[in-house]
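Chemist: Just the structure for this:
(one chain, ligands or ions: 1)
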Amino acid sequence: MAVRHGIDLDKARAWHEREIRGFLARHPRSLALSERGRAHLLFGVPLHWMDDWPTPCSLFIAEARDAALTDADGLEYVDFCLGDTGAMFGHSPAPVAAAIAREAARGLTAMLPGEDALWVAEELSRRFGMAAWQFTLSASDANRFAIRWARAMTGRDQILVFNGCYHGTVDDVFVDLVDGAARPRASLLGQVYPLTEHTRVAEFNDLAALDAALADGRVACVLAEPAMTNIGMVLPDPGYWEQAQAIIRRRGSLLLLDETHTISCGPGGYAAAHGLAPDLLVLGKPLAGGLPAAAYGFSAELAQRAQQAKRAAPPGHSGIGTTLSANRLACAAMRANLAEVMTEDNYRIMFERAGRLAQGLRELFARRGLPWCVTQLGARCEFQFAPRPPRNGSEAGAWQDEEFERCIHLHLLNRGLLITPFHNMLLMSPSTAEAGIARLLQAFDDWLDAAQA
Ligand code: PMP
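Modeler: Next up, the predicted model:
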């Protein structure tokens with residue numbers, strides 16, 4: 001009997017085959033749409049990542065509301081994926097939907113500012129403590145542009161990222177540590193530039209490595225999530241950021257914090273909740289309640305330096321920005337979302353639900369004698385096939401098990417419970433009900449009945 005992480009491989013695989021057959025039998029319409037999709041869409045889907053779910057054909061969606069999702073076959077799901085954070089506050093939050101409906105007939109984009117942009121920037125400054133903002137369409141863009149500003153402002157050519165990070169499709173950051181050496185991420189498609197010439201990589205939670213990587217004074221910025229969320233969750237050691245910030249400052253580098261996922265930690269993100277003081281800060285995904293919008297902020301000093309850098313450059317293309325960025329509709333949606341949805345009250349509900357789920361999972365694993373751990377980061381939590389919480393990207397990556405993830409995710413999906421296809425992250429919205437959490441814990445227990453060694 002082959003056993004991995006306490007799971008009997010044969011049992012898990014046999015169960016998974018059964019689940020695949022069950023999915024196909026219950027999803028005739030998704031199957032038909034998947035077949036139709038193959039004619040004119042790569043992989044049959046409009047974004048090839050949508051092919052990464054554990055389902056044997058694409059799961060086509062008819063409608064999504066709050067924390068519930070209905071598929072093309074009329075089956076309902078409790079959605080713990082929430083568009084991988086884009087819909088963190090629930091699908092189509094009523095105030096955002098109303099703002100979009102109100103503004104939709106009054107001009108969608110004009111490449112001119114409106115008053116909503118001012119309100120949004122003022123509110124972002126109040127929450128996140130940054131002095132000045134720029135808007136983009138995606139967190140990927142925000143990170144890409146923030147890196148450009150950081151290099152322009154400092155005159156330094158290098159950046160530093162943490163091993164196992166993800167910051168969107170930003171070429172500069174796809175550098176991994178392989179046997180102690182920086183290497184371009186092996187899975188990149190069509191990337192031809194020598195990424196390691198301008199990007200350094202260190203392990204998270206290793207202060208000595210950080211200091212060594214910044215020592216020559218060539219690093220413009222350290223781009224980091226305050227807690228890693230994309231290779232499984234990795235929390236900072238107690239006191240890590242205090243010391244890391246001091247090192248970054250001493251070496252004359254900037255701290256660019258990517259709060260795209262850690263906005264789950266509160267209305268001002270992880271930085272506000274834990275007293276970090278970044279030089280640049282990126283927000284994305286749920287900022288406009290699910291409409292494409294993102295923002296990046298500058299500290300007061302850097303806002304001055306950025307404007308000086310632009311004024312000092314020859315007139316012409318800056319290479320920063322896209323035409324539809326900061327469009328009217330996105331600004332209206334951000335305003336409604338910040339004013340009425342991303343509220344203290346809603347965060348309180350989300351934290352309470354996430355705490356309940358994390359505790360339920362811990363109890364489940366303890367009762368079954370499984371050495372798996374559960375990490376919570378505000379409104380999101382994650383289970384990992386690891387006996388203790390990983391301290392860096394290498395450890396977290398080593399504990400990942402794609403095969404079991406697919407088995408568990410499909411089992412849950414067949415029971416009306418949707419979780420993010422990449423790793424094991426579960427996200428709470430203000431409308432995630434206790435009953436959904438109880439169902440998830442029961443369904444997980446059932447899978448363990450079927451597959452545990
Ligand atoms: N930063 C982080 C931390 C992310 O997790 C992601 C996406 N998963 C991004 C940036 C990029 O977001 P988007 O794909 O919306 O550009």
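Chemist: pLDDT on stretch 58-77, on average?
Modeler: For stretch 58-77, mean pLDDT is 98.
Chemist: mind checking the end-to-end distance for it?
Modeler: With Cα to Cα, to the nearest Å as the measure, the ends of stretch 58-77 fall 15 Å from one another.
Chemist: For it, list every residue counted as buried.
Modeler: With burial defined by 16 or more other Cβ atoms under 10 Å, the residues of stretch 58-77 counted as buried are 58-61, 64, 66-69, 71-73, 75, 77. No exception for glycine: its C-beta is placed from N, CA and C like everyone else's.
Chemist: Going by distance to the ligand, which of those residues wins?
Modeler: Here the nearest of these to the ligand, counting by Cβ to the nearest ligand atom, is residue 64; it sits at 17.3 Å.
Chemist: Could you say whether the closest one sits in a helix, a strand or coil?
Modeler: When classified by DSSP: H, G, I helix; E, B strand; the rest coil, residue 64 comes out as strand.
Chemist: That one bridge partners, please.
Modeler: residue 69 (DSSP bridges).
Chemist: So it sits against residue 81, correct?
Modeler: No. Residue 64 lies out of contact with residue 81 (Cβ atoms under 8 Å); the separation is 10.4 Å.
Chemist: okay, among the buried residues of stretch 58-77, which ones form the most distant pair?
Modeler: 58 and 66 (23.2 Å; Cβ to Cβ).
Chemist: is it true that residue 183 touches residue 176?
Modeler: Yes. At 5.5 Å, residue 183 and residue 176 qualify as touching, with contact defined as Cβ under 8 Å.
Chemist: Neighbour count for the two, which is higher?
Modeler: residue 176 (20 against 14; other Cβ atoms under 10 Å).
Chemist: Just to be sure, the more buried one is in a helix?
Modeler: No. The assignment for residue 176, made by three-state DSSP, is strand rather than a helix.
Chemist: Determine the longest helix present in this structure.
Modeler: helix 344-367 (DSSP state H).
Chemist: ok, and for that helix, which residues are buried?
Modeler: 346-347, 349-351, 353-354, 356-358, 360-362, 364-365.
Chemist: Can you tell me which of those is closest to residue 133?
Modeler: Among the buried residues of helix 344-367, residue 347 lies closest to residue 133 (Cβ to Cβ), at 21.3 Å.
Chemist: confidence score at the closest one?
Modeler: Predicted confidence (pLDDT) for residue 347: 98.
Chemist: I'd assumed residue 341 was in contact with it.
Modeler: No. Counting by Cβ under 8 Å, residue 347 does not reach residue 341; the two are 10.3 Å apart.
Chemist: check contacts around the closest residue to the ligand within the stretch 351-453 of the chain.
Modeler: As assessed by Cβ to the nearest ligand atom, the ligand sits closest to residue 422 within the stretch 351-453 of the chain, at 8.2 Å. By Cβ atoms under 8 Å, 6 or more residues apart in numbering, the contact set of residue 422 is 52, 84, 230.
Chemist: that older thread, the buried residues of stretch 58-77 into a markdown table, with extra columns for secondary structure and distance to residue 381?
Modeler: Shown next, in a markdown table, are the buried residues of stretch 58-77 (DSSP: H, G, I helix; E, B strand; the rest coil; distance: Cβ to Cβ, whole Å):
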| residue | secondary structure | distance to residue 381 |
| --- | --- | --- |
| 58 | coil | 27 |
| 59 | coil | 23 |
| 60 | coil | 28 |
| 61 | strand | 24 |
| 64 | strand | 21 |
| 66 | strand | 20 |
| 67 | coil | 15 |
| 68 | strand | 20 |
| 69 | strand | 20 |
| 71 | strand | 25 |
| 72 | coil | 29 |
| 73 | coil | 29 |
| 75 | coil | 25 |
| 77 | strand | 18 |
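Chemist: just those residues now: which is nearest residue 33?
Modeler: For these, the nearest to residue 33 is residue 60 (4.5 Å; Cβ to Cβ).
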